[in-house]
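Asks: The sequence and its predicted three-dimensional model are supplied below.
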Amino acid sequence: MIDLVALRKDPEAFAVAWKLRGMDVDVTALVEADTKVRQLKTESENKRSEANAASKSIGQAAREGKDIGEAKEAARLLGEEAKELNEKRESLEKELHDQLLGLPNPCLSDVPHGAGENDNVAGEQWGSVPGFTFAPKPHWELATELDIIDFERGSKMSGSGFVVYKGMGARLNRALINFFLQTLVDEEGYTELNVPLLVRPETMQGTGQLPKFGDQLYHCQEDDLYLIPTAEVPVTNFYANEILDAEQLPCKMTAHTPCFRREAGAAGVGTRGITRVHQFDKVEMVWLTKPEDTEKNLLELRSNAEKLLQKLGLHYRILDLCTGDTGFSAAHTYDLEVWSPGTGTWLEVSSCSTFTDFQSRRAKLRYRPEKGAKPELLYTLNGSGLALPRCLIAILETYQQEDGSIEIPDVLKPFMGLDAIS
RNA sequence: GGAAGGAUGGCAGAGCGGUUGAAUGCGCUGGUCUUGAAAACCAGUAUACCUUUGCAGGUAUCCAGGGUUCGAAUCCCUGUCCUUCCGCCA
């Protein structure tokens, strides 16, 4: 959520920022509502103050044994008036608050301007397009022939968009999880968390999935719990409503979880294989930081994800997302896209973002800059490290041999216990 | 799933429905004393918001949300969490 006080001070700046995201927001109406709320607040508080004073003198009079019948009625009326004004304020304030919850984070100043994904800025590439002496196959063919992914039985049990990894496929998936976690923990100083996959509505609101994107989430109605679409949700909310000490920052956490996404509206968007599924594994990196140097932190976070791709020897590129394509809660996002030789396309395997204080304000994530100082909102960042299925795709397609077997990248061999899948 | 008990300031722990934002102790901060430290003594020590240039004033907050009442930390209802017991169970 954005800072209402900042909006009050410079509404035009917000209007411009939202315009860059392709949204026309009536900031004047927002500011007017805010003014009205504060006016009602002052009125109701003054009335409440009168009522409190009246009650107090009744208490005094009662102790002195005086008659308090009339005074009681007067105090009751004052109390009622105060309550009425306050209820008016509350409903207006809630309305305003709900509107604010639906407004995205303004992008940082160095984010490229643009309307949509075509305006994203392609940055550096690492490695080069792998060459083949034969026509490389797409992963779904390789996986089916090797019998390491069972698409049909996945949809038999759960519908389309669900798959079963089998044999060496399951092992490769597990090897990747272990490789990612171990690298992040041992080499980059992350703390590993194993978190709940079902969370409450307020947790979803903390990171921005709710109220706006509820239709993308699986919901367990009986218990009013949501299946997480990413580990970002429980990991970022880990310290929600808490005040951290400055020494605890930056706090780097990582977690492997399955991710559940309804992908409503994305059905049939020409994705074969495991590029877009309803359930997949992902290792996520989350940072809680002090507000300064968030762009620098973002680059470092991104480099952690890049290192994983480099170790796997996968060709990838960096995309600097433009204002029109940056996600709702993010202020600046870099995507990492890996090359898929079988389809000749780039696949997003990591999305690294800073959320400034947008999530912190929702989740009440604060820290104390110095001992005895006032608590302040901290900044949150996160990035995938990495999304499993698309890494798996890139590995199968990049390391495929002419005979249909798959060579295992060196860094994964200890986790696989073999050199090739055939 | 059933039964019972609990949730108060950084921590511990009081609190007959009426100057209780909340005793007391510890902790913390400042001061006195001391060569320095400790001890002792004195003073201060929650958060958010609103009004105000400022001084200052006001409102809310004793898990959360409702209710009773002129007045609620205190009484009633609902929810959340914790503890204990029973049942079930990987």
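Replies: It's in. Small disclaimer: the values here were computed from a predicted structure and weren't measured.
Asks: nearest spatial neighbour of residue A:187, skipping sequence neighbours?
Replies: Closest residue in space to residue A:187, ignoring its immediate chain neighbours: residue A:307 at 8.0 Å, by Cβ to Cβ, 6 or more residues apart in numbering. For the C-beta atoms, the positions are set from N, CA and C on the backbone; glycine is no exception.
Asks: For that neighbour, which residues are in contact?
Replies: Each residue near residue A:307 by Cβ atoms under 8 Å, 6 or more residues apart in numbering is listed here: A:183, A:187-188.
Asks: three-state assignment of it?
Replies: helix (DSSP: H, G, I helix; E, B strand; the rest coil).
Asks: Stretch A:74-92: which residues count as buried?
Replies: Under the neighbour-count criterion of 16 or more other Cβ atoms under 10 Å, stretch A:74-92 has A:75, A:78-79, A:81-82, A:85-86, A:88-89, A:92 buried.
Asks: Also near RNA strand B: which of those, exactly?
Replies: Residues of the buried residues of stretch A:74-92 in contact with RNA strand B (Cβ under 7 Å from any atom of the strand): A:75, A:79.
Asks: just the buried residues of stretch A:74-92 now: which is nearest residue A:383?
Replies: When the buried residues of stretch A:74-92 are ranked by distance to residue A:383 (Cβ to Cβ), residue A:92 comes first, at 38.7 Å.
Asks: my guess is the closest one contacts residue A:33, does it?
Replies: Yes. Taking contacts as Cβ atoms under 8 Å, residue A:92 lies within contact range of residue A:33: 6.5 Å.
Asks: Quick check on the spatially closest residue to residue A:7 that is not a sequence neighbour: phi, psi?
Replies: The shortest distance from residue A:7 to any non-neighbouring residue, by Cβ to Cβ, 6+ apart, is to residue A:14 (5.4 Å). When read as degrees, to the nearest 10, the backbone of residue A:14 gives phi -70, psi -40.
Asks: Could you verify my assumption that residue A:14 touches residue A:2?
Replies: Yes. Between residue A:14 and residue A:2 there is a contact at 6.8 Å, judged by Cβ under 8 Å.
Asks: shared neighbours of these two, anything?
Replies: Each of residue A:106 lies in contact with both residue A:14 and residue A:2 under the rule Cβ under 8 Å, 6+ apart.
Asks: Take the buried residues of stretch A:74-92 and keep only those in helices.
Replies: A:75, A:78-79, A:81-82, A:85-86, A:88-89, A:92 (DSSP state H).
Asks: and chain A, which residues reach RNA strand B?
Replies: So far as Cβ under 7 Å from any atom of the strand goes, chain A lies against RNA strand B at A:5, A:38, A:41-42, A:45-46, A:48-49, A:51-56, A:58-59, A:62-63, A:68, A:72, A:75-76, A:79, A:372, A:374-375.
Asks: and with 6 Å instead?
Replies: Chain A comes close to RNA strand B at residues A:38, A:41-42, A:45-46, A:48-49, A:52, A:54-55, A:58-59, A:62, A:72, A:75-76, A:79, A:374-375, as judged by Cβ under 6 Å from any atom of the strand.
Asks: Which residues are in contact with whatever residue of the stretch 301-422 of chain A ends up closest to RNA strand B?
Replies: Residue nearest to RNA strand B within the stretch 301-422 of chain A (Cβ to the nearest atom of the strand): residue A:374, separated by 5.0 Å. Residue A:374 makes contacts with residue A:368, as judged by Cβ under 8 Å, 6+ apart.
Asks: Just put the buried residues of stretch A:74-92 in TSV and tack on pLDDT.
Replies: As requested, the buried residues of stretch A:74-92 are arranged in TSV below (pLDDT from 0 to 100):
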residue	pLDDT
A:75	91
A:78	92
A:79	92
A:81	92
A:82	92
A:85	93
A:86	92
A:88	92
A:89	92
A:92	92
